[in-house]
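Asks: Would you be able to build a 3D model of this:
(one chain, ligands or ions: 2)
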Amino acid sequence: MKAPGTDTGTDSGTDLGVVAGLLRDVPDFPTPGIRFWDLSALLADGAGLAATTRLLAASAGAGEHAVDVVVGIEARGFLLGAAVAHALGVGVVAVRKQGKLPVVAARRSYELEYGSATLELPADVLRPGERALLVDDVLATGGTAAAASELVEGAGAEVAAISMVLELPALGGRARLGDRPVHTLLAR
Ligand SMILES: O=P(O)(O)OC[C@H]1O[C@H](OP(=O)(O)OP(=O)(O)O)[C@H](O)[C@@H]1O
Ligand SMILES: Nc1ncnc2[nH]cnc12
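Replies: Ligands and ions are numbered 1, 2, ... in the order given. Modelled structure (predicted):
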């Protein structure tokens, strides 16, 4: 039984159950053979978004280990990254797909489960020594998170942690991320 006053809806086991119950998988999207994990229903649900935000923000560290900024990866990482940054009281940096930013600090190209892409970091938004929390929805091959991490580190900032909702372990993404701390809420 919970102690009086602790039933605030922020129990992490309860939050995880809410998140798991709102995940959807779609066969053969965007190409045949891909089992696509869709977070639309989770994000559209107020309790789902709140639970996800709390769980992702728990990777942010505290005190001298606290992160200074959240980095959200286009596109689904923008939604989660902004929510987590707001919960932590820090700012959010949008790492964008190629061609969207007017002033670019650096870019990295990579392969993912169903194609290839290039990410760009905006100029003059990360300061050397800042501790960044990388946020995205899915860790699959790890190509996206590795590219975003390299951009953050190339700017002289530190990837303090990488926080994602869902990991697809069969695709080996975690191994691509070296010794950077990776936290995923669920695996499928
Ligand atoms: O671990 P990986 O194999 O790199 O795959 C994970 C990435 O794939 C998806 O993004 P996608 O590139 O489809 O872009 P979107 O969010 O703009 O739809 C997902 O949101 C992650 O960013
Ligand atoms: N299977 C998948 N579902 C959702 N997002 C992804 N990104 C890469 N692979 C994915």
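
Asks: Residue 146 - nearest residue in space that isn't next to it in sequence?
Replies: By the measure of CB to CB, 6 or more residues apart in numbering, the closest residue to residue 146 outside its immediate chain neighbours is residue 176, 4.7 Å from it. Placement of C-beta: from N, CA and C, glycine included.

Asks: Count the residues that sit near that neighbour.
Replies: 19 (other CB atoms under 10 Å).

Asks: Can you pull the phi/psi pair for it?
Replies: For residue 176, the backbone dihedrals (degrees, to the nearest 10) come out as phi -70, psi -10.

Asks: On the pLDDT front, check it for me.
Replies: The model reports residue 176 with a pLDDT of 97.

Asks: One more: residue 10?
Replies: So, for residue 10, pLDDT stands at 70.

Asks: and the nearest residue to it once chain neighbours are set aside, what is it in contact with?
Replies: Once flanking residues are discounted, residue 10 sits nearest to residue 54: 5.9 Å by CB to CB, 6+ apart. Residues near residue 54 by CB atoms under 8 Å, 6 or more residues apart in numbering: 10, 12, 15, 87.

Asks: The residue nearest to residue 146 against residue 140, yeah?
Replies: No: between residue 176 and residue 140 there is no contact under CB atoms under 8 Å: 10.1 Å.
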